[in-house]
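In: any chance you can model this:
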Amino acid sequence: MENAIKYGMKSSPLPLKIRISASRRGDGIRIVVANSGSWYVHNEDDDLKSSTGTGLSNVRLRLENAYPGEHTLEVRSNEDGVHVVIDIHRISEEGGS
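Out: Numbers count the residues shown, from 1 in each chain. Next up is the predicted model:
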């Protein structure tokens, strides 16, 4: 969510539009965070120097720890914006994997 706002503001005409959705998929869940911007690659000269570039990497690591081998994380960019799609293929009723 943080990246959707941070980078969406840099690459989208205002107002920035953010959409969050979650849906059941069989035994799992799909979570989508989307913004109306475009895929943003920063360089050394822009004002996002505080970015460590580890946001999506951290999410991937957390998913692997919580749902080893039972998830995917995909970033899609098209004319509608940037969409981060997380699929957790199987979740137990207790909330873990």
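In: distance from the helix ranked longest in the chain to the middle of the chain?
Out: Selection of the longest helix in the chain by residue count, based on DSSP state H, yields helix 55-66. For helix 55-66, the gap between its own C-alpha mean and the chain's C-alpha mean amounts to 11 Å (CA atoms, centre = their mean, to the nearest Å).
In: list the buried residues for it?
Out: Across helix 55-66, burial judged by 16 or more other CB atoms under 10 Å covers residue 63. The way it works is simple: take the backbone N, C-alpha and C, and place the C-beta from them, glycine included.
In: following the chain onward from it, which element is next?
Out: Later in the chain than helix 55-66, the nearest helix or strand by DSSP states H and E is strand 71-78.
In: find the centremost residue of this structure, please.
Out: Centroid-nearest residue in the chain: residue 84, 3.5 Å away (criterion: CA atoms, centre = their mean).
In: assign that one to helix, strand or coil.
Out: strand (DSSP: H, G, I helix; E, B strand; the rest coil).
In: follow-up on the earlier one: what's the angle from the longest helix of the chain to strand 71-78?
Out: Angle between the axes of helix 55-66 and strand 71-78 is 150 degrees (criterion: axes from the mean of the first three to the mean of the last three CA atoms, to 10 degrees).
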